[in-house]
Structures are given as structure tokens and as C-alpha cells.
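>>> mind looking at a prediction? Sequence and model below.
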There are 2 protein chains.
Amino acid sequence: MDDDLMVSDATSSLPVTYADVRSAAERVSGVAHRTPVATSRTVDRQTDAQVFFKCENLQRIGAFKFRGAYNAMSRLQPDQKERGVITYSSGNHAQAIALSGQLLGIETVIVMPENAPRVKLDATRGYGAEIVTYDPDETVREDLGQRLADDRGLTLIPPYDHEHVVAGQGTVADELFEQVGLLDVLLVCVGGGGLLSGCAIAAKHHAPDCQVIGVEPDAADDAARSFHSGTLHSVHNPDTVADGARTPHLGEVTFPLVRAHADDIVTVSDEDIIRAMHLVWQRMKLIIEPTGALAASALLNGTVAGNGRRIGVILSGGNVDLQRAAELFRRIGKGTETT
Amino acid sequence: MDDDLMVSDATSSLPVTYADVRSAAERVSGVAHRTPVATSRTVDRQTDAQVFFKCENLQRIGAFKFRGAYNAMSRLQPDQKERGVITYSSGNHAQAIALSGQLLGIETVIVMPENAPRVKLDATRGYGAEIVTYDPDETVREDLGQRLADDRGLTLIPPYDHEHVVAGQGTVADELFEQVGLLDVLLVCVGGGGLLSGCAIAAKHHAPDCQVIGVEPDAADDAARSFHSGTLHSVHNPDTVADGARTPHLGEVTFPLVRAHADDIVTVSDEDIIRAMHLVWQRMKLIIEPTGALAASALLNGTVAGNGRRIGVILSGGNVDLQRAAELFRRIGKGTETT
């Protein structure tokens, strides 16, 4: 489960700056949604804070991933655009690449496991992507992806460890600060660290004193350990409901950025994630996926104290199976009535 | 099921005007949420229209009902406020009255059937209301309510057939026009006609040529028949998933207003309601209840044509059981994955 890699921290040069985030903001303007900010009297009362929820579940394809994918693909050289893009993902990044390709007129190839949910395959294909499936017991997806990239001259755009992807994800926090002004704390979920590093760069530009805190599941605490130790740790296939945070470790691009700009990374239990998800569904009427509830859960379970502060919380995505959501709510003894 | 009452239409004097809606807007300002307007490229493409969804599912207590209840209760005389308010409802109006009472410092009594869902009883009690339950096989709720009102000097505020309730509900459309400008069509769900009559008044003020169309379930077509015939029809206990539209007939206040200001009332099947609800959950990540999907369903099923027009759709509420929603989606052969 846990085979810590002792890779040394690279802090020498930071490849993404606030200027890159601003440049990304111009790229995605008018293409990505400027997602709304939701508030809740119930949450404010429960947490003793003024909480601003950035609704990336209402972003195109249902998650923030569209921002980074579009920013990266729009910056390809003409010959790269001509040849096309490839990625491997069975999650939100797959649809983000597929839709960006459709909008930019770039052919896309997505490598997905053959046992991926049919609806995910259909949705990705619906955006015009070519899907290449593989047997996860037989094939290493990175090998297949690299072979296809080499054979067909495709450019690989990975889900988080890429400068333009990071800059694109940073536009989430950039927009939030434009919308609500200064914040004392910004809470961001952590998987591979693309969203956290981009948002930390933007937050520190707008409010140098803003505490930027990453939140990841207890069972997938590689980023927290890496952050605190300065050494890159990994957790493979962690058992957590937050499937977007199952990435094994931070990346070469994101690790130094997170170290430089984030203030802390905390972890939460699956039960707390589900409780936060339930509250957002029940009281705010917003559909968020378990990973989308990570940031909120650290506030709602008291890991991060309210103390009357202005706190930004990123609801990162809303792609979830309703049947699964109902099961999760029952697991914590919650009814499924949203009244 | 259907025992048409031949009550003649009263069109002589109209008890609610746009001035009343404006006055209500001032009352609820800063208390009710100014709910956001959502848009969807998917819906626009599917319907060949520019569609503006007014998100009353994000209103306090999860439905537009708060506006009318608060407007009515805030206008009571001091002695009425002192004595308290009563209503009977097992739906959104109960919570609307309870929360308004809490905010205005007015005691509230809600008569609810003893078999109402526990979560509804708890939520209403949570707002500080006194709940009086009754055995629906033994007791007529109107009789019990009237007896309690008489005994304790309480003022009854019914769910729709009340001038100040109608004016309050009209602030939904008033806000929508302020937010998005002119509309060619406004689609509104119909139960007792409070929301439809209030919104029609506001719409005709802002855009005299705007077509205001009520939407009700096929099985509960009393308002459509009343509207077209000029005679009040009733349908008791209709079999429809849209529980908010199970009211037997339009009211003394709402019927003439609907006749005077609405342009049409159309009906839709339960399957179309569920399909619309599914699309809003899946693509827009917004939790709406079946009644909240009524207005959208008439556009999505083609009853109302898009024709490149600007169309307002009121998503009236979001209080629903997730388990039930998943069951409804399976009933129409839809998966429960929201990707």
C-alpha cells in the first residue's frame, strides 16, 4: 500500500508564477464558466466563519479540470495541434481533454481501462475523443499511452504535473478572490497537487497573509507527509471514497510549488468527507462528488477552526453516481432526504 | 379522482398588482436570497433557445415558498404577531412559515399528518415551530387547524390563496427580469397558482409581450382545464410525482389572477418531469425536486418550442429524497451517474 519514495525535494526554480495564472485566465475567459460563489447561513453558523464556496462542480464537464486542460491545449504549437493530444484518465481530466479538443479543433485520444463505467466512456466519446481501452490486468496504461504517442506523434498532456495545467487550475482561486475580495484561509483538495499549487500561487498574490491549506484523505496522506517532510512520499491505490485524490504522489512540477506556496496540508477521514458532502447536498442543493467535499470537510469537522474568519472553500467537482451517493449517506447513518 | 366543481369565474376585481409585488420585494430584500440564474449550453443546444433558470431550489428552506410566507407574516398587525400564526402543510410551506416566524419573532403552529416524514417534522421543528400532528384517517386537517386558530387566536396563512403570499411569490419573476432583462417566454409550475399568478403579474409589467405559461402534471390538470374553460375544476389526490402540484384546484385569489395574466397552461407527463429533473441533476449539478422540474419539462419535451427565443424557467424547489430520486431515474431507464 505504502512504499515511500525517497526523492529529494526540488526547490531551486519554480516553473509557474502568478503571471502564468493571469495569462491562463485570459485564455479560458469566455470559454470556461466563471463559476458562481455559494454561501450558506447554516455553514457559517456551524463553523463560526464566513465561508465562500467556489462552485467548480458547475464548471464545464463538471469539474475544475477543464481550466487546466484548455489552457495547456490552447498553447500547443501549430504542428502539435495538427497531430493531436493524448492522455490517460478514467476521471474528470479525460472529459476535460476531450471537450477542449472539440472546442479547439484538436484530435484527442484518451486511454481508459476497459472496465471504466460505460457512462464515462460515452461522455468522453460524446465530446469527440477517440477512446482506446485496455485490460488493466494486462497492460500498463503509461506504456500504452507512450507507444500511441510515439507512433502517432501525439502530445501527452498529463492530469496535473504540467506547468500550463497548474496555471489553468490557478484561475479558480484567481476568480474567487476577484469575486469575494480578501480571504483569511483558502481550503483546497489535494490529489496530484495541480489545483493546490495553482490556487496557492493566485492566493498569495491577492492576499499574502492568506493561509492556503490542502486537504487530503487520511488513507491517501502522501501529500501531507511529503509537504511536512520535504521528501516525496507515495501511497498507491489508497482506500478512500475520494477517488480524485487517489493519485500516488505529488509531481515534479507540483511538489516544489506546493512546498513554496501552501501553508499546510491536513487530512480527514472518509466519514468526515461523506458528512461534508451530505451537508452540501442537503442544505445547499449542490451535487458534489466525494473529492469535491474534501476541502469543506476540514472546516466542518473542526480541523480548521472558523474563528470568525473569511474562508474560501473550493468545491472541485460534481461527477458522481447518485446511487453511490445514497449508499455513502446511509453508511454514516444519514437519511437521503434533502429537506 | 376528478370531481369538477362548477364554480363560476370571478374576474371583476384583481386583488394583487405589480405595486404589491414591488412592495413585497422590499420586504424580502436582504432576508430572502436573491437566487442565482443558471444557464446550460447543453439545454440551449437541445431546445434551440437561450434559457435562464431561476434557482429557487437555492432559496432559504429550499423553495420559493419562503418569499410569500415571509411577506405575509411581516405584514401582520402587531396584535396578530403577538398571538401567532398557524398553517397546515406537510410540504415546503410549513418550513417557510416556521422559518419566517423564527426570523420575525412570531410563534408558529404547523398542523402536519403524524405519518409525515420524520425529517420534515424535525426540520420544521428545528425552525422553532410547534408541530401538531393528527391521524389523517381520523381528522380533517382544516377542522383541526380552524379549531386551534379559534382557541388560540392564531392567524391562518394558507399556502397560496392569499394576496400577500401571491405578491411574495411574484418577486421570483421580478428578480429574474432584473437579472437577465427581457424574456420572450416565462415557464412556471402550477399547483394552487400562487407562484404562477405572482410571476405573471411581474412578467407582464417588465415585458407585456412575454408569454407566461403555467405547467402542471397531466394527472393534475385542474388548472389547465380551469384556465381554458373559465370554470374552476378540481382534481383530488392526483397520481403524479410532482407532489407540490397535488393541490386540488386554483384558489379564489389565484384563479382570476391566472386568468387575467397568464397566456396558457400546458400539461406534461410524469416521465417528462423525471427526464427534465434528471437533466438538471446530471448536467447542471443542481438538486431539484420533481415539482421543481415541471417548468423545464415543458420546454425539454417540446411542448413549448424554443425557436431561438429567450426563455425563463423557474426551478421552484429542491427538497427531495435522494433514494426516491434514484428510483425515479431508474424508472425512465436513466443511470444514476451524474457525469
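Perfect, thanks for sending it.

>>> surely A:Pro159 is in a strand?
No - using DSSP: H, G, I helix; E, B strand; the rest coil, the assignment for A:Pro159 is coil, not a strand.

>>> helix/strand/coil for A:Ser197?
A:Ser197 falls in the helix class when you classify it by three-state DSSP.

>>> let me see the contact set for the residue most central in space within chain A.
Within chain A, one residue has its C-alpha closest to the average C-alpha position: by Cα atoms, centre = their mean, that is A:Leu195, at 5.1 Å. By Cβ atoms under 8 Å, 6 or more residues apart in numbering or on different chains, the contact list for A:Leu195 reads A:64, A:160, A:169, A:172, A:188-189, A:314, A:316. Any C-beta I mention is one placed from the backbone N, CA and C, and that applies to glycine too.

>>> looking at those residues, state which has the most neighbours.
The residue in the contacts of A:Leu195 with the most neighbours, by other Cβ atoms under 10 Å in any protein chain shown, is A:Gln169 (34 neighbours).

>>> mind checking how far that one is from B:Thr254?
50 Å (Cβ to Cβ, to the nearest Å).

>>> sorry, back to before: the contacts of A:Leu195 in strands, which ones?
Secondary structure defined by DSSP state E assigns A:188-189, A:314 of the contacts of A:Leu195 to strands.

>>> least trustworthy helix or strand in chain A by mean pLDDT?
Lowest on mean pLDDT, DSSP states H and E among the helices and strands of chain A sits strand A:7-8, with a mean of 42.

>>> does chain B have contacts with the following helix or strand past that one?
Where DSSP states H and E defines the elements, the next helix or strand beyond strand A:7-8 is helix A:18-28. No - judged by Cβ under 8 Å from any Cβ of the partner chain, helix A:18-28 stays clear of chain B, getting no closer than 15.1 Å.

>>> again, but for stretch A:315-333
Yes - Stretch A:315-333 reaches chain B (Cβ under 8 Å from any Cβ) through A:318-326, A:329.

>>> distance of the residue of chain A most remote from its centre from A:Ile97?
The outermost residue of chain A, judged against the average C-alpha position, is A:Asp151 (30.1 Å), by Cα atoms, centre = their mean. Using Cβ to Cβ, A:Asp151 is found at 19 Å from A:Ile97.

>>> give me the three-state assignment for A:His236.
coil.

>>> I'd guessed A:Leu328 sits against A:Ala242; true?
No - in this structure A:Leu328 lies outside contact range of A:Ala242 using Cβ atoms under 8 Å: 10.9 Å.

>>> give me the common contacts of those two.
By Cβ under 8 Å, 6+ apart, A:Leu328 and A:Ala242 have these common neighbours: A:Pro290.

>>> longest helix of chain A?
Across chain A, the longest stretch assigned as helix under DSSP state H is helix A:163-180.

>>> put the alpha carbons of it into PDB.
Only the C-alpha atoms of helix A:163-180 are listed here, as PDB (Å, rounded to 0.1, in the frame of the first residue of the first chain):
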ATOM      1  CA  GLU A 163       3.000  23.900 -16.000                       C
ATOM      2  CA  HIS A 164       0.100  25.000 -18.100                       C
ATOM      3  CA  VAL A 165      -2.300  22.700 -16.400                       C
ATOM      4  CA  VAL A 166      -1.200  24.100 -13.000                       C
ATOM      5  CA  ALA A 167      -1.600  27.700 -14.200                       C
ATOM      6  CA  GLY A 168      -5.000  26.900 -15.600                       C
ATOM      7  CA  GLN A 169      -6.200  25.400 -12.300                       C
ATOM      8  CA  GLY A 170      -4.900  28.500 -10.500                       C
ATOM      9  CA  THR A 171      -7.600  30.600 -12.200                       C
ATOM     10  CA  VAL A 172     -10.100  29.000  -9.800                       C
ATOM     11  CA  ALA A 173      -8.600  30.900  -6.900                       C
ATOM     12  CA  ASP A 174      -7.900  34.000  -9.000                       C
ATOM     13  CA  GLU A 175     -11.600  34.200  -9.800                       C
ATOM     14  CA  LEU A 176     -12.600  33.600  -6.300                       C
ATOM     15  CA  PHE A 177     -10.500  36.500  -5.000                       C
ATOM     16  CA  GLU A 178     -11.900  38.700  -7.700                       C
ATOM     17  CA  GLN A 179     -15.400  37.700  -6.700                       C
ATOM     18  CA  VAL A 180     -15.300  38.000  -2.900                       C
END
